[in-house]
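> Sequence first, then the predicted structure:
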Amino acid sequence: MNNYLIVAGIIFCIGALGVLMRKNLIIVFMSLELMFNAANLGFVAVSNRLNLISGDVFVIFVMVVAAAEAAVALGIIVAFYREKGTVDMDKANELKN
Amino acid sequence: MHNIMPVIYGLNSLEKSMVSIIPEAVIILFAFIVLFLTFFEKIAKGKNSYYLSLIGIAFSILYVVMLSGRNLTGFYGSVVFNGYDVFLFIAILLSGFLTVLVSKDYIENFDVPYPEYYSIILFGISAMMFLVSSNNLIMVFISLEFMSICAYILTGYIRGNTRSTEAALKYLILGTFASAFLIFGSVFIYAAVGHLNLNSIHSYLESISYVKHGSAPVISGMGEYLSIGLLLFTVGLAFKMSLFPFHAWTPDAYDGAPTPITSFMATGIKVAAFAIFLRIYILIYNFNVINFNDILWVLAVLSMTFGNIAAILSSNIKRLLAYSSIAQAGYILVGIIGGGFYGYSGTLFYLFAYIFMTAGAFAVVIIFENSDIISLDIKKYSGVGYKYPFISAAMAFFMLSLAGIPVTGGFMGKFYVFSAAVKSGYYWLVFIALLNSAFAAYYYIKIIVKMYMPDKEDSSVSYIAPEGKDFGIVNGNISEGIMLAVIICLFFTLIMGVYPQLFINFANYSAASLCKI
């Protein structure tokens, strides 16, 4: 279980770094999905080790929520692209103090 | 029919489960009805969706009142309904009611469909109610995401407006980032205790830890997991509560979103996030290898200080209120850190007062946006006190309440929260908080000064209210609904300041059922 959690932690960190460092919105969104899936991996591992089913149930729900989230996120990214003609995050700079 | 029903296994428990979510179910039902209005073009263009949403929220409040006093559990312990939920349901439903009331004037300025807008607000309200009443980590995650997704859509609702889209984008990325931390935290909590139900986690931790409230590790190896899990979980929730290091989205999302939605985010979402944080805090946080109060202490101090400094520097009223809401989150956290029965009831009281003063301030901002002032720049407010006497007086009152001047709800809230923290011995925290509130009064009062004491060289200011209009409403674009919202907020803010006994009793009742678990 420990090893699985370490792998999940590494994947999670890769995803977090991707969100923080990449500028392309699609890649940022992919990194977010990576973070969600790292948690899924952890849940499956723990659930298997403890011989419980509730962790697997959680995974199903996380996947459903991630799908819903993807629909909204891609919609917003498309709206952004229509307005700016790019998916570069640095172009989102209109709101300032 | 009645003979058959108990025979089918589980139906009886399903019926019981359904009773525990009646208030949410009513809201969801109305959300669907409003959504179906889109099919009928003639009806959709009218005000039907607006009135239907108000009726739905009123019905839900009615059901909450009817169910109050009961202790209900449903769906295998995932959803609970007790006194704590009654208080917060009413707070959230009122904040939703105010949001719908102030929305009509604003949304009619734009070429966007109305029914979907109201229906998503209703879905958002139901998600907040589910979040408050959830008693399972799965439920917490789903309702938190449901609430956030509604908020993302509403933030970017005004299509073609680059500011609105950009706000939605920033909110979406950081909000999802936070949710990822939240579920990754749940993994570690699950690994440590093997339960997802909050009550089961609580009883499990109680059964294996011999020193309650102490620093004894729960089990060797697992105590660390619990700490990591709770740390990540706290990060996830702190994003939603917009505490300092995790506040980055707040000013941008609040600034770019449609103003009624800003009000919704500042009141409903924040209250729901604090409510679930408080429930989890009481159930789980006490058993730990790290003392979480120290971490929360730092978060509270940083939030207050940063929020106030940034608010002083901002010249846009929506950004100012956003930073002020970060600072207010810090004050509310003081009550949770202070802890104990009075700390929790003080926190709930403060949350209730906070809804009305913030929603009122945003309602006034919307009225000004719809009148001839248009701009959100505070400089443009110079002299409006003479032009719109009633509205400006209301704004001044909300600002005084946010600053924590006596005779307002904000003062009583701060009083209860800080006195609970003093009782628990957090002298330095309360000292810093008091210093901060004194400091914060500067920018709240700056707005009042701007409204009533215009610059000398500003010749456009007239000192006479336009005649023939009630309450100083000049523009015909301001409806009764928004005025009603301002009056409701004024009423509650004043009553909570003058006669807090009524509300503190209610908060005590709520906190009692929270601590009993």
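Alright, I've got the coordinates. Numbers count the residues shown, from 1 in each chain, chains lettered A, B, ... in the order given.

> For the rest of this, base every contact and every neighbour count on C-alpha atoms.
Noted.

> longest helix in chain A, by residue count?
Taking DSSP state H as the assignment, the helix of chain A that covers the most residues is helix A:54-84.

> which of the residues in it are buried?
A:54-56, A:58-59, A:61-62, A:65-66, A:69-70, A:72-73, A:76-80 (16 or more other CA atoms under 10 Å in any protein chain shown).

> repeat for stretch B:375-387
B:375-376, B:378-379, B:381-387.

> so what's the backbone phi/psi at A:Asp88?
For A:Asp88, the backbone dihedrals (degrees, to the nearest 10) come out as phi -80, psi 130.

> so it bridges to which residues?
A:Asn24 (DSSP bridges).

> That one against A:Leu25, yeah?
Yes. Between A:Asp88 and A:Leu25 there is a contact under CA atoms under 8 Å: 6.2 Å.

> Among these two, which residue is more densely surrounded?
Counted by other CA atoms under 10 Å in any protein chain shown, A:Asp88 and A:Leu25 do not tie: A:Leu25 has more neighbours, with 22 against 15.

> Enumerate every residue touching that one.
A:Leu25 sits next to A:77, A:87-89 when contact means CA atoms under 8 Å, 6 or more residues apart in numbering or on different chains.

> so where's chain A uncertain?
Along chain A, segments meeting pLDDT under 70 span A:97.

> would TSV of the contacts of A:Leu25 with distance to B:Leu174 be doable?
Formatted as TSV, the contacts of A:Leu25 follow (distance: CA to CA, whole Å):
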residue	distance to B:Leu174
A:Ile77	14
A:Val87	16
A:Asp88	16
A:Met89	13
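
> and of the residues you listed, the nearest to chain B?
A:Ile77 (7.1 Å; CA to the nearest CA).

> just checking, that closest one touches A:Asp88?
No. Using CA under 8 Å, A:Ile77 is not in contact with A:Asp88; the gap is 10.1 Å.

> Could you show which parts of chain B are in contact with chain A?
Residues of chain B lying close to chain A (CA under 8 Å from any CA of the partner chain) are B:138, B:142, B:145, B:149, B:152-153, B:156, B:159-160, B:162-163, B:165-169, B:172-173, B:176-177, B:180, B:183-184, B:187, B:190-191, B:194-196, B:252, B:255-256, B:314-316, B:319.

> if we go to 7 Å?
B:138, B:149, B:160, B:162-163, B:165-166, B:169, B:172, B:177, B:180, B:183-184, B:187, B:191, B:194, B:252, B:314 (CA under 7 Å from any CA of the partner chain).

> buried subset of the residues you listed?
B:138, B:149, B:162-163, B:165-166, B:169, B:172, B:177, B:180, B:183-184, B:187, B:191, B:194, B:252, B:314.

> if I look at B:Ala393, how far off is chain A?
Distance, B:Ala393 to chain A, using CA to the nearest CA, to the nearest Å: 27 Å.

> Equivalent analysis for B:Gly383, please.
As judged by CA to the nearest CA, B:Gly383 and chain A stand 24 Å apart.

> Who are the contact partners of that residue?
For B:Gly383, the contact set (CA atoms under 7 Å, 6 or more residues apart in numbering or on different chains) comprises B:450-454, B:461.

> Out of those, flag the one nearest to chain A.
Nearest to chain A out of the contacts of B:Gly383 is B:Lys450 (CA to the nearest CA; 19.4 Å).

> who's in contact with the closest one?
The contact partners of B:Lys450, taken as CA under 7 Å, 6+ apart, are B:381-383.

> so the residue of chain A found nearest chain B is in which element?
Relative to chain B, the nearest point of chain A is A:Ala39 (4.9 Å; CA to the nearest CA). Assigned by DSSP states H and E, A:Ala39 belongs to helix A:25-50.

> same question, A:Leu95
Going by DSSP H and E, A:Leu95 is not part of any helix or strand.

> before we move on, the earlier item: with pLDDT and distance to B:Ala512 as added columns, please give the buried residues of stretch B:375-387 in CSV.
Listed next are the buried residues of stretch B:375-387 as CSV, based on pLDDT from 0 to 100; distance: CA to CA, whole Å:
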residue, pLDDT, distance to B:Ala512
B:Ser375, 75, 46
B:Leu376, 78, 42
B:Ile378, 80, 43
B:Lys379, 79, 46
B:Tyr381, 80, 44
B:Ser382, 80, 47
B:Gly383, 78, 47
B:Val384, 80, 45
B:Gly385, 79, 44
B:Tyr386, 80, 47
B:Lys387, 78, 47
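
> nearest to A:Gly18, of these?
For these, the residue nearest A:Gly18 by CA to CA is B:Leu376; the value is 35.4 Å.

> Okay, the closest one and chain A: tell me how far apart.
B:Leu376 sits 12 Å away from chain A, going by CA to the nearest CA.

> tell me the contacts of that residue?
B:316-318, B:369.

> Drop the exposed ones from those and show what's left.
When those are checked for burial by 16+ other CA under 10 Å, the buried set is B:316-318.

> Among the residues you listed, which are located in helices?
Per DSSP H, those map to helices at B:317-318.

> Turn the buried ones among the contacts of B:Leu376 into JSON lines, including pLDDT.
Formatted as JSON lines, the buried ones among the contacts of B:Leu376 follow (pLDDT from 0 to 100):
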{"residue": "B:Asn316", "pLDDT": "89"}
{"residue": "B:Ile317", "pLDDT": "90"}
{"residue": "B:Lys318", "pLDDT": "90"}
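
> for the buried ones among the contacts of B:Leu376, which one is nearest B:Asp294?
The closest of those to B:Asp294 turns out to be B:Lys318 (CA to CA; 31.6 Å).

> I'd say that closest one and B:Gly256 touch.
No. Taking CA atoms under 7 Å as the definition, B:Lys318 is not a contact partner of B:Gly256, at 8.9 Å.

> follow-up on the earlier one: in terms of pLDDT, where does the closest residue to the residue of chain A closest to chain B other than its chain neighbours sit?
Closest residue in space to A:Ala39, ignoring its immediate chain neighbours: B:Phe184 at 4.9 Å, by CA to CA, 6 or more residues apart in numbering or on different chains. On the pLDDT scale, B:Phe184 is placed at 94.

> next one: the one 5 residues further on
The pLDDT attached to B:Ile189 in the predicted structure is 90.

> Same check on the one 10 residues further on?
Reading off the confidence values, B:Asn199 has pLDDT 87.

> Would you mark the buried spots in the host helix or strand of it?
Secondary structure assigned from DSSP H and E places B:Asn199 in helix B:198-208. By 16+ other CA under 10 Å, the buried positions in helix B:198-208 come out as B:198-202, B:205-206.

> CA atoms only: put it into CSV for me.
In CSV, the C-alpha atoms belonging to helix B:198-208 read as follows (Å, rounded to 0.1, in the frame of the first residue of the first chain):
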residue,chain,number,x,y,z
LEU,B,198,-17.5,11.0,9.4
ASN,B,199,-19.2,9.6,12.4
SER,B,200,-17.5,6.2,11.9
ILE,B,201,-14.2,8.0,11.6
HIS,B,202,-14.9,9.9,14.8
SER,B,203,-15.9,6.8,16.8
TYR,B,204,-13.0,4.8,15.4
LEU,B,205,-10.5,7.5,16.4
GLU,B,206,-12.1,7.8,19.8
SER,B,207,-11.8,4.1,20.3
ILE,B,208,-8.1,3.8,19.6
